[in-house]
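>>> Dropping the sequence and predicted coords here.
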Amino acid sequence: MDTLRRLLLALPAALLAAAASAATLQPDDDPAASPVWQKVRASLFENRPIQPAAPELLKLEAPARAVDAAVVPIAIRTRVPAGSSWHISKLFLIIDANPSPISGIFSFTPDSGRADIETRVRVDAYSHVRAIAETSDGKLHMVTRFVKASGGCSAPAGADAAAAQASLGQMRFRVEGDLKGKEPVLAQLAIEHPNHSGLAMDQATRQYTPAHYVRKIDVSYAGRPVLSADVDFSMSENPNFRFYFVPQGGGGELRATVVDSKDLRFVAAQALRDNPR
């Protein structure tokens, strides 16, 4: 069983209910006092200390008020080279008010170049959003933002169900940067998947659409791991991830393996050339 599923099963049902009813949170509320966060922290990190992240180490970008609660852009940026002796090995994304607060756990390697991630998430109610970096010395560093949004996890799917099923699991890469250099290059992985949360009602049938979402992503470049992610239905419909990798002279292949909550497995590969578009 993957890490995120194990952790979610360990969380009591009362915690998930508390997360779903957290709409009373306000920007001035103390993030440390959140009962959801206290439970999540104990589940993920036990008694390990978590210190505020220095701006030069970790930055979390999120809108103060979401335009669309079902598609909220999130970026976690770091300032530590992934290949250095002291580096960031994991990033945790926590959305306190979501029914499943542990939204993503992202693992990096020296071949990542930079431990950055950009994606789009659902936010179900006014919430503290947290990015936590785990460094190679085992220390934890956190930055928090408050996002005003409502109903993101119960919003209906935007795509036609038949069309979504027909394109299920299709993936494409986009790469931006100089593949001949040795600096980290930005890549984007787009996944066609409805990412049903299980909380959205079909307006025609008045039944809830069963949960069906991407839960595991592994990306490699030239046969070497670059990014591994355990995610859940907090990711928006048609999940999209932007990350870095270190090119090796312009060649090589980007490969993504994705597993969803029904254990369906999808694989995509793209041979890279100089500055593909």
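Here it is on my side, so go on.
>>> so the residue nearest the centre of the chain bridges to which residues?
With distances taken as C-alpha atoms, centre = their mean, residue 104 lies nearest the centre of the chain, 4.2 Å away. With DSSP bridges as the criterion, residue 104 is bridged to residue 93, residue 231.
>>> Contacts only, for it.
Each residue near residue 104 by C-beta atoms under 8 Å, 6 or more residues apart in numbering is listed here: 4, 91, 92, 93, 117, 119, 229, 230, 231, 232, 234, 235. Backbone N, C-alpha and C define where each C-beta goes, glycine included.
>>> what's the closest of those residues to residue 267?
residue 229 (15.4 Å; C-beta to C-beta).
>>> Next, the nearest residue to that closest one once chain neighbours are set aside: secondary structure please.
Counting by C-beta to C-beta, 6 or more residues apart in numbering, residue 229 lies nearest to residue 217, which is 4.3 Å off, once chain neighbours are set aside. Here residue 217 takes the strand state, with states given by DSSP: H, G, I helix; E, B strand; the rest coil.
>>> Count residues in the vicinity of residue 217, would you?
24 (other C-beta atoms under 10 Å).
>>> rewinding a little: can you say which of the contacts of residue 104 are buried?
By neighbour count, with 16 or more other C-beta atoms under 10 Å, these hold 4, 91, 92, 93, 117, 119, 229, 230, 231, 232, 234, 235 as buried.
>>> neighbours of residue 167, just the number please.
A count of neighbours around residue 167, defined by other C-beta under 10 Å, yields 12.
>>> Touching, it and residue 192? I think so.
Yes - between residue 167 and residue 192 a contact is recorded at 4.3 Å, counting by C-beta atoms under 8 Å.
>>> Now do the buried residues in stretch 97-111.
97-109, 111.
>>> closest to residue 38 among the contacts of residue 104?
Nearest to residue 38 among the contacts of residue 104, counting by C-beta to C-beta, is residue 92 at 15.2 Å.
>>> so what pLDDT did the closest one get?
Looking at residue 92, its pLDDT reads 98.
>>> Going forward, the N-terminal residue is numbered 10.
Got it, the first residue is 10 from now on, which makes the last one we talked about residue 101.
>>> Excluding chain neighbours, what is closest to it?
Nearest residue to residue 101 in three dimensions, chain neighbours excluded: residue 141, at 4.1 Å (C-beta to C-beta, 6+ apart).
>>> do the same with residue 235
In space, residue 235 is closest to residue 254, 4.5 Å off (C-beta to C-beta, 6+ apart).
>>> So which of the buried residues of stretch 106-120 sit within strands?
Among these, the members found in strands (DSSP state E) are 111, 112, 113, 114, 115, 116, 117.
>>> Check the burial of residue 58 by counting its neighbours.
Other residues near residue 58 come to 7 when the count uses other C-beta under 10 Å.
>>> looking at the sheet around the spatially closest residue to it that is not a sequence neighbour, what are its partners?
In this structure, residue 58 finds its nearest non-sequential neighbour in residue 149, 7.0 Å apart by C-beta to C-beta, 6+ apart. Assessed by DSSP bridges, residue 149 has beta-bridge partners residue 59, residue 143.
>>> Neighbours of residue 149, how many?
18.
>>> and of the contacts of residue 113, the nearest to residue 194?
residue 126 (14.9 Å).
>>> Mind giving me the packing neighbours of the longest helix along the chain?
The single longest helix within the chain, with elements called by DSSP state H, is helix 44-54. With contacts taken as 3 or more C-beta pairs under 8 Å, 6 or more residues apart in numbering; DSSP states H and E, helix 44-54 sits against helix 12-19, helix 22-29, strand 97-104, strand 111-117.
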